[in-house]
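**Q** Could you look at this predicted model? Sequence included:
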Amino acid sequence: MSISMHAITVPVFQTMLTNLDFVLGRGAEFVAETGFNEGELMARNFAPDMLKLGEQTRQACVHATGAMARLAGVDAPEVSMEPDADIATARARIAAALAFVGSFSAAQLDGDPNREVIVKTRLGELKFGALDHVLHIAYPQVFFHVTTAYDLLRAEGVQIGKVDYLGAPMKNLLKDK
């Protein structure tokens, strides 16, 4: 049985980015209802050496779009290196990332799951098989940054729960209960 790189990337990244957008929307509601300073919210982190909420959202998008570009052999979209300073900017970045992720056909992504994918980092070039790249690099990166953004919002009192993190598939299962 061959694995479809499209089937294991596009819907997964779309779900995670959509859920990130949703929880940020709840963050915007929280700011409006409580008067909490939006800039302070976007600058929250759990530790001094940890990325702030605005950078967590940027990184989730960068890793999802970067993975898709590498799999398809195309350039990733240019992104601002600045962390998102407000929720509207973060949500616009997510919308752009969702559009990019959704723009790929199966023909552009599928093929040999062991084909070489090169990830350029500040430490140098890292080489992976395409499937290993998705499972062991792209997924953990996207999940980490989305989870951390969720946790930062939740820690400030934004009314979100696990079902919001899990998104539409879980909500659809639960609405019939």
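**A** Everything's here; your move.
**Q** Which helix or strand contains I118?
**A** Under the criterion of DSSP states H and E, I118 resides in strand 116-121.
**Q** ok, that strand: who's next to it in the sheet?
**A** When pairing is defined by DSSP bridges, strand 116-121 lines up against strand 124-129 (antiparallel).
**Q** what separates the partner strand from the chain centre, distance-wise?
**A** Computed by Cα atoms, centre = their mean, to the nearest Å, the chain-centroid distance of strand 124-129 equals 21 Å.
**Q** can you check stretch 60-70 too?
**A** With Cα atoms, centre = their mean as the basis, stretch 60-70 stands 8 Å off its chain's centre.
**Q** And stretch 12-19, by the same measure?
**A** Taking mean C-alpha positions (Cα atoms, centre = their mean), stretch 12-19 and its chain are 7 Å apart.
**Q** Could you do stretch 45-60 as well?
**A** Distance of stretch 45-60 from the chain centroid (Cα atoms, centre = their mean) equals 13 Å.
**Q** what mean pLDDT does the strand holding I118 have?
**A** Per-residue pLDDT over strand 116-121 has a mean of 89.
**Q** Stretch 90-110 too?
**A** In this model, stretch 90-110 has a mean pLDDT of 96.
**Q** quick one: buried residues of the helix or strand hosting M16?
**A** Element membership for M16, per DSSP H and E: helix 5-34. In terms of neighbour count (16 or more other Cβ atoms under 10 Å), helix 5-34 has its buried residues at 5-6, 8-10, 12-17, 19-24, 26-28, 30-31. Just so you know, the C-beta spots here come from the backbone N, C-alpha and C atoms, and that holds for glycine as well.
**Q** Having no further points to raise, I will conclude here.
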